[in-house]
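[1] Got a sequence here, can you model it:
(chains A and B)
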Amino acid sequence: MKQKIALLLSVVAVVSVFLLLPTPAHNPKAEGQSFILGPVQIFDGEKVADASFIEVQDGMIVALHNAQPESDLAFIQGNHQWVMPGLIDAHVHAWGGALEDNLARGVTTVIDMFGDPRFLAQHKPKRSNREFSNQADLFGAGLLMTAPQGHGTQYGIQVSTLSHADQAMSLISERIHTGSDFIKIVYTHKDASYAHAPSISKTELEASIQAAHAQNLMAVVHISDARSAMDAVQAGADGLVHSFFDEVISDELLALMKDSGVFIIPTMVVYEGMLRGSINERALFSNNDLNIERSARATLSRTFNNTEFPVHFYTNLLETTQKLHSAGIPVLAGSDAPNPNTAHGWSLIIELMLLEEAGLPAHAVLSAATQQPALAFNLPERGMIAPGMRADILLLQNSPFEQLDTLLAPKGIWKNGYRVK
Amino acid sequence: MAHTNSMRIRNIYLKESFYDLLSLWRTPSFFLPAILFPVVFYIFFGVVFNFSAAQSEYMLVSYACFGMMGPAMFNFATAVASDRAHGWLTLKRISPMPFSAYLVAKLFSSTVFAAIIALILFVVAATLADVELWEWQWLSLFAVLIVGSLPFALIGLILGLYLSDKAAPAIVNLIYLPMAFLSGLWVPIQFLPELVGKFAYALPAFHYSQLTHKVIGTDLQQPVWLHLAFLIGFTALFIAIARYRFHRLSK
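    Now for the predicted structure:
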């Protein structure tokens, strides 16, 4: 008898453990990828849309409505909250769990600015289907173009390097072969006064950009000072993947960028870590409502060793960003995560706060992480809330126009029409 | 008559299983390390030093596999080796009890401990690492973990039949720990050199962990039948070896 009671008790214990084990709040596969969401206020990636209901079928946005349409589709109550496109981080380095970490924060697409081509190849097929996924979609540069021992060769990924302009064509072909969506080139002006890794020459930079264009790929350039930026734009770069802070941008460079249609990803959040280092504490760590993973905390708290920069460098950075926007140059939000001072997902929102601090108007700030990167990198079906777009959607409690920090805790995240949060 | 006979046999199996479990329960030096090892490892690498939001789930699966293999191998290897050394195995064999009751009892007791370890890991993962899985995932994870531990019990049995009671624990560790590492249970297999990844196909622990990872979608995307075939093959091979050795010992 005693044995039977013991047996019964242990069975009850096991069953109750299983009943108590936590399950996710949403079952994306059961809920499906077709629904009507509303009434909501919609930032469509460019402006506030004149509609309040979103119709999604099979993971695609098929229509926007002003009134709730007659439909058999599941209805999701929007409670007049805000909706905007899933975020796009235009500058990350993704490996390991980066894509999961990004999607968990509402970043539905990331652009990798140099990483293992095998990781890119592994995740590429997913971005053109609309199956359920718990990962952000990945577009990427694959291997970068750099000089022997140049920046980019120190991370343990085997990179073929450029030591003569003649090699540019074959190196680009090699990158196309390994799946690069565009070409990223690392360049530093030969007279740059700060400590830097060996760089390709300006001739080699020009040859690389021409070779990329000849094979119908975009060429973006990593620079970190004003003179290198000028060289890159003169050489025909399509975009700059960092800004600079050694001086405020010259009118000459502004005009040249404007004329050539060059965009910029300032990655202010990384520079903020070098030059000021207070935003993470202010916007993230001091907010006890945020559940920031230990791993994210680790990279957010990491600092650069060389922090002896003049105070005005940070104001240079803000002023340059503001001037770029005022001149009509596309400013794209990119976090450069997981570099020091950053973490996947979190730091894209911090980057938006810094763009706001630099003086960009709210719609430009939000557009910098939605429509702008989609346009600049030709990302199909992304960056907008509009018919024909993929249903990558964020539901926000407050207006992102008034409170950017509402993005830190989205109420709902849809990827390919599947609710993942 | 046949009815009471089968009742009696069933009773023998139940009694033998119960007392084997009781003897394990009275050996905290066995079950405490067996439980603490995977749990502490998981708390270290899945909770405290987790490097990504998705890592806690991944590590839960890996360390659960790790935790299942341990008691299965140790319980069989050390108990069988020492029963052999002390003549207990001979006594069991010549007693009227069907000898399979001895094996079933061992399998039962190690399964109970494996289940306890799995449940503790699940609760730790749910409470400390915020792991959320679907009900079917928790259940199938549990089922795959328990059923899949059979080949490791057989490895333990073979070692117990070959080794002295003093050598058994050392040799088990010598197989258990490197096999766990080379199968990607400590560090994900993708991060190990390519050669290790190829070699892993020869290890039952690799196929075991891939099947369990499939439940949460973190496997290497190889087909289920491949891992199943390997595991069934290993199980058949181990049964053959154990039988061969057992008959040699009976002569």
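[2] Grab the CA positions of the helix or strand hosting A:Ser208 and hand them over as PDB.
    Secondary structure from DSSP states H and E places A:Ser208 in helix A:202-214. Extracted in PDB, the C-alpha atoms of helix A:202-214 (Å, rounded to 0.1, in the frame of the first residue of the first chain):
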ATOM      1  CA  LYS A 202      43.200  55.000 -53.000                       C
ATOM      2  CA  THR A 203      43.900  53.400 -56.400                       C
ATOM      3  CA  GLU A 204      43.000  50.000 -55.000                       C
ATOM      4  CA  LEU A 205      39.900  51.500 -53.400                       C
ATOM      5  CA  GLU A 206      38.800  52.900 -56.800                       C
ATOM      6  CA  ALA A 207      39.600  49.600 -58.600                       C
ATOM      7  CA  SER A 208      37.600  47.700 -56.000                       C
ATOM      8  CA  ILE A 209      34.500  50.000 -56.300                       C
ATOM      9  CA  GLN A 210      34.700  49.800 -60.100                       C
ATOM     10  CA  ALA A 211      35.100  46.000 -60.100                       C
ATOM     11  CA  ALA A 212      32.000  45.800 -57.800                       C
ATOM     12  CA  HIS A 213      30.000  48.000 -60.000                       C
ATOM     13  CA  ALA A 214      31.200  46.200 -63.100                       C
END
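[3] Please enumerate the helices of chain B.
    For chain B, the helices defined by DSSP state H occupy B:2-25, B:28-42, B:55-85, B:88-94, B:99-128, B:135-147, B:150-162, B:167-182, B:194-199, B:204-216, B:224-250.
[4] Same list, the ones you listed, but as JSON lines with mean neighbour count please.
    (Each C-beta comes from the backbone N, C-alpha and C, glycine too.) Formatted as JSON lines, those follow (neighbours: other CB atoms under 10 Å in any protein chain shown):
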{"stretch": "helix B:2-25", "mean neighbour count": "13"}
{"stretch": "helix B:28-42", "mean neighbour count": "17"}
{"stretch": "helix B:55-85", "mean neighbour count": "26"}
{"stretch": "helix B:88-94", "mean neighbour count": "14"}
{"stretch": "helix B:99-128", "mean neighbour count": "20"}
{"stretch": "helix B:135-147", "mean neighbour count": "17"}
{"stretch": "helix B:150-162", "mean neighbour count": "25"}
{"stretch": "helix B:167-182", "mean neighbour count": "17"}
{"stretch": "helix B:194-199", "mean neighbour count": "12"}
{"stretch": "helix B:204-216", "mean neighbour count": "24"}
{"stretch": "helix B:224-250", "mean neighbour count": "15"}
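[5] Please dump these into CSV; it should also carry mean pLDDT and distance to chain A for every row.
    Shown next, in CSV, are the helices of chain B (pLDDT from 0 to 100; distance: least, CB to the nearest CB, whole Å):
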stretch, mean pLDDT, distance to chain A
helix B:2-25, 83, 7
helix B:28-42, 84, 15
helix B:55-85, 89, 6
helix B:88-94, 85, 22
helix B:99-128, 90, 5
helix B:135-147, 93, 5
helix B:150-162, 94, 20
helix B:167-182, 92, 19
helix B:194-199, 86, 11
helix B:204-216, 93, 10
helix B:224-250, 92, 19
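[6] buried set for the helix holding A:Ser208?
    A:202, A:204-212 (16 or more other CB atoms under 10 Å in any protein chain shown).
[7] Name the strands paired with the following helix or strand past it and say parallel or antiparallel.
    Next helix or strand after helix A:202-214 toward the C-terminus (DSSP H and E): strand A:219-222. According to DSSP bridges, strand A:219-222 has the following sheet partners: strand A:183-186 (parallel), strand A:239-240 (parallel).
[8] Quick check: which of these is buried the most?
    Of all these, strand A:183-186 has the most neighbours on average by mean count of other CB atoms under 10 Å in any protein chain shown, namely a mean of 28.
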